[in-house]
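Asks: coordinates only, sequence not included:
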């Protein structure tokens, strides 16, 4: 529940994770509007948020649809009123007992799989599933025209558990710009829809055709044949998403509040109390056009300090310096100065924290929204 | 407390963090023996462990000495009976109130600093401190012969809070082999001892001369003038430490238990349910002679599967493949097979988990030791 703390960021001990609710709500509205325009249901992925309050901001509360990446998420969100849940990581047979326990408590938890071995275990347990399709060579899933599709479909159908197909074009993170993402969105659509058609031609049902990733969800122009769209990091966004033009830096709703704890003036270094424990080890912008180090530095109100990045990180120390080849000078900020760091990867940075300190959109005192972890 | 769970690793849901107690105790005994041989006190750093049970394994229980990297650690370990605690991250003035609250409860919590601004705030609060010395250009601290040393020493001494000096040669992680680490150990010793002598020549007290990092602590040959040695990751070790010859791979006491959840045979990929959420994003071996990807793969009993690494990681998916240019073949391991992944960096991997599942040295059932996080 929202716990009013009667605090401002100045009262927080650093490092601390800040969430700008106004930006988050703007990001949520943007994709909700696009999905409505495309005529598909939106099934937000809650692996980034891991918070009941963020889930409610996304969906207005249960019953869903939502996507999760762990059974711990399924459990927490089911207890919070969600019932329509897709567990979007290839199922291990050992986990079916926990899946069944959730289903027995009234949760319509659906799993994904891409092999006959998994399908047999899932069918035996009478659990519904989507067949994962590989649309871009990124990770798991069946390639199109793989004869295993029909084989797996038949195994699942015999137990009445064949719900449909799903795909995720994770490679869309590695290209920049709306046109490139739209191509991946069409890859997703084509792979999923053609697999659905192949199942139907074989006399098998396929009511769910599920696609999505944050870049493709925003860029998709036509989702004919698709029934639902999934996306995860879009409610917060991050420097990786900004670096491929899915959002602007000003859309990033998460930051890490930190304090200056030292200087090495001869080196142009400022030490802060946010190291990789607070920022994560994620270096997702390293391969992008602009390498943001371990994060982009803002003042305590969130205004970007040009070309200043966290260039290096130890466990509880960050080193702030100018971006290589940047002009200008490191600003003189005494020990005790508060800064905010925008994260490379919201999923990874948020995972380092036990709670969000929420700057509410009404400008009132900070709220505390708990996060959870584990599996 | 130790909570007997009557489990074996086969009963665990994956991913899960395993701790081999026998290896840990061997690693603890090794450095304790070396410190005794050198005639210095050992002040273990608990930033890696963040567990009262591991602390007890290291020290036999309170009162210390121990080192911490957060005030949350100071708080938890003080409640568990530790009183002699060094908080080894440059102090932010805003944190002095929390430091004082711990001191008021009987904890001899000492802070570190490297500027007159910090020294004035610390002296005003009557809190004891060590002056941080930069022995290798790695991070914070005063370079030797910096006139600020005496200035800071005087400020601290006026309030009776000048305890001594400390240094940490973090650059020792970037060189390989005992001889190279011994050179960094001598850099640490020389920087700390000469700074202590400079303070004493100025008529200032300096009872504590504190040095250390895991590589230098193991390699130090003579610590004349040093009073205490600090080291952190040595109780667990990891692939980064093995890659610079501080330990053998067989000394690594931590691993992540995982399950095979899929295959892409055409690519030589096996998917596992340990992604970066379970392994961390740490790629500390990337710049070493042998890049271990996101971790080295073992069978469920801990036997290394040659040249098999986690080559790529998404949030809850790891991709296992052969090391580039390795001979041999990816073994055929069906969905459901259990594996163990040895971590690049024990501090980062352990931080992703809420508990250790301990394989006890007596061979009995698994124990559960809780970890904590936060600041």
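Replies: Happy to help now that I have it. Just so we're clear, the structure is a prediction, and the values are computed from it rather than from any experiment.

Asks: give me every residue that touches residue A:28.
Replies: Residues in contact with residue A:28 (Cβ atoms under 8 Å, 6 or more residues apart in numbering or on different chains) are A:57-58, A:234-235. C-beta coordinates here come from the backbone N, C-alpha and C atoms, glycine included.

Asks: ok, and what's touching the helix or strand where residue A:229 lies?
Replies: Using DSSP states H and E, residue A:229 maps to strand A:228-231. Applying Cβ under 8 Å, 6+ apart, the external contacts of strand A:228-231 come out as A:31, A:35, A:38, A:40-45, A:65, A:67, A:86, A:88, A:166, A:168, A:208-214, A:217-218, A:220, A:223.

Asks: my guess is residue A:59 meets residue A:46, correct?
Replies: No. Applying Cβ atoms under 8 Å, one finds residue A:59 not in contact with residue A:46, separated by 9.3 Å.

Asks: re the thing from before, show me the contacts of residue A:28 that map onto strands.
Replies: Judged by DSSP state E, these include no members of strands.

Asks: what about the helices in the stretch 251-375 of chain A?
Replies: Counting by DSSP state H, counting those that start in this stretch, one finds helices in the stretch 251-375 of chain A at the ranges A:276-279, A:346-350.

Asks: quick one: the nearest residue to residue A:7 once chain neighbours are set aside from residue A:358, how far?
Replies: Of all residues not flanking residue A:7 in the chain, residue A:366 sits nearest, at 4.5 Å (Cβ to Cβ, 6 or more residues apart in numbering or on different chains). The gap separating residue A:366 from residue A:358 is 6 Å, by Cβ to Cβ, to the nearest Å.

Asks: pLDDT at residue A:327, what is it?
Replies: Listed pLDDT for residue A:327 reads 83.

Asks: so what's the closest residue to it other than its chain neighbours up against?
Replies: Nearest non-adjacent residue to residue A:327, counting by Cβ to Cβ, 6+ apart: residue A:307, 7.5 Å away. Counting by Cβ under 8 Å, 6+ apart, residue A:307 touches A:322-323, A:326-328.

Asks: can you show me the strands along the stretch 201-350 of chain A?
Replies: A:208-211, A:228-231, A:254-264, A:269-272, A:296-299, A:304-313, A:318-322, A:338-342 (DSSP state E, counting those that start in this stretch).

Asks: same for the third one, what does it pack against?
Replies: It refers to strand A:254-264. Judged by 3 or more Cβ pairs under 8 Å, 6 or more residues apart in numbering or on different chains; DSSP states H and E, strand A:254-264 is in contact with strand A:16-20, strand A:269-272, helix A:276-279, strand A:338-342, helix A:346-350.

Asks: could you give the mean pLDDT of the last one?
Replies: Throughout helix A:346-350, pLDDT has a mean value of 98.

Asks: ok, and what's touching that helix?
Replies: In contact with helix A:346-350 (Cβ under 8 Å, 6+ apart) are residues A:17, A:47-50, A:232-233, A:236-238, A:252, A:254, A:256, A:278-282, A:284, A:295, A:343, A:356, A:371, B:276, B:281, B:315.

Asks: among those residues, the buried ones, what's the ChimeraX command?
Replies: Applying 16 or more other Cβ atoms under 10 Å in any protein chain shown to those, the buried members can be selected in ChimeraX as follows:
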select /A:17,47,48,49,50,232,233,236,237,238,252,254,256,278,279,280,281,282,284,295,343,356,371 /B:276,281,315
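
Asks: show me what from the stretch 151-300 of chain A comes close to chain B.
Replies: A:170, A:259-264, A:267, A:271, A:273, A:276-278, A:280-283 (Cβ under 8 Å from any Cβ of the partner chain).

Asks: state the phi and psi torsions of residue A:83.
Replies: Dihedral pair for residue A:83: phi -130, psi -30, per degrees, to the nearest 10.

Asks: ok, the one 4 residues further on next?
Replies: Comment: the main-chain dihedrals of residue A:87 come out as phi -90, psi 100, following degrees, to the nearest 10.

Asks: that one and residue A:113 touch, don't they?
Replies: No. Counting by Cβ under 8 Å, residue A:87 sits too far from residue A:113 to count as a contact (10.5 Å).

Asks: more crowded one of those two?
Replies: Taking residue A:87 and residue A:113 together and counting by other Cβ atoms under 10 Å in any protein chain shown, residue A:113 has the greater number of neighbours (29 against 25).

Asks: that one pairs with what?
Replies: Listed by DSSP bridges, the beta-bridge partners for residue A:113 are residue A:131.

Asks: just for the stretch 251-375 of chain A, where's the confidence low?
Replies: Counting by pLDDT under 70, the stretch 251-375 of chain A contains no low-confidence range.

Asks: count the neighbours of residue A:157 for me.
Replies: Neighbours around residue A:157, by other Cβ under 10 Å: 19.

Asks: next one: the one 4 residues further on
Replies: Counted with other Cβ under 10 Å, residues neighbouring residue A:161 total 20.

Asks: deepest-packed of the strands of the stretch 201-350 of chain A, please.
Replies: strand A:208-211 (a mean of 27; mean count of other Cβ atoms under 10 Å in any protein chain shown).

Asks: note down every partner strand of it and its orientation.
Replies: strand A:162-167 (parallel), strand A:228-231 (parallel).

Asks: closest one to residue B:151 among these?
Replies: Closest of these to residue B:151 is strand A:228-231, at 55.3 Å (criterion: Cβ to Cβ).

Asks: and chain A, what are its domain boundaries?
Replies: Structural domains annotated on chain A: A:40-236, A:253-370, as defined by automatic domain parsing.

Asks: flag every residue of the stretch 1-150 of chain A that's near chain B.
Replies: A:13-16, A:47, A:69-71, A:89-95, A:98, A:114-115, A:117-118, A:134, A:137, A:139-140.

Asks: tell me which helix or strand the residue nearest to residue A:158 when sequence neighbours are not counted sits in.
Replies: Nearest non-adjacent residue to residue A:158, counting by Cβ to Cβ, 6+ apart: residue A:123, 6.2 Å away. In this assignment (DSSP H and E), residue A:123 forms part of helix A:116-124.

Asks: next one: residue A:66 from residue A:45, what distance?
Replies: From residue A:66 to residue A:45 the distance is 8 Å (Cβ to Cβ).

Asks: if you could redo that for residue A:327, that was the one I meant.
Replies: From residue A:327 over to residue A:45 (counting by Cβ to Cβ), the distance is 40 Å.

Asks: of these two, which one has the most company?
Replies: residue A:45 (27 against 8).

Asks: wouldn't the more buried one be in contact with residue A:64 here?
Replies: No. When contacts are counted by Cβ under 8 Å, residue A:45 is not listed as touching residue A:64 (11.7 Å).

Asks: mind putting the strands paired with strand A:208-211 in JSON lines, mean pLDDT included?
Replies: Written out in JSON lines, the entries for the strands paired with strand A:208-211 read as follows (pLDDT from 0 to 100):
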{"stretch": "strand A:162-167", "mean pLDDT": "98"}
{"stretch": "strand A:228-231", "mean pLDDT": "98"}
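
Asks: so which of those is nearest residue B:333?
Replies: strand A:162-167 (24.7 Å).

Asks: what bridges to residue A:20?
Replies: Here residue A:20, judged by DSSP bridges, has bridge partners residue A:359.

Asks: tell me the contacts of residue A:280?
Replies: With Cβ under 8 Å, 6+ apart, residue A:280 has these contacts: A:343-345, A:348-349, A:351-352, B:281.

Asks: which one of these is nearest to residue B:128?
Replies: residue A:352 (30.5 Å).

Asks: give me the number of residues near the closest one?
Replies: By other Cβ under 10 Å, the burial measure for residue A:352, its neighbour count, is 25.

Asks: got a list of what it touches?
Replies: Per Cβ under 8 Å, 6+ apart, neighbours of residue A:352: A:17, A:277-280, B:351, B:373.

Asks: cool, residue A:238 as well?
Replies: A:252, A:254, A:284, A:342-346, A:349.

Asks: how about it: what's its closest non-neighbour residue?
Replies: residue A:346 (4.1 Å).

Asks: gap between that neighbour and residue A:53?
Replies: In terms of Cβ to Cβ, residue A:346 sits 16 Å off from residue A:53.
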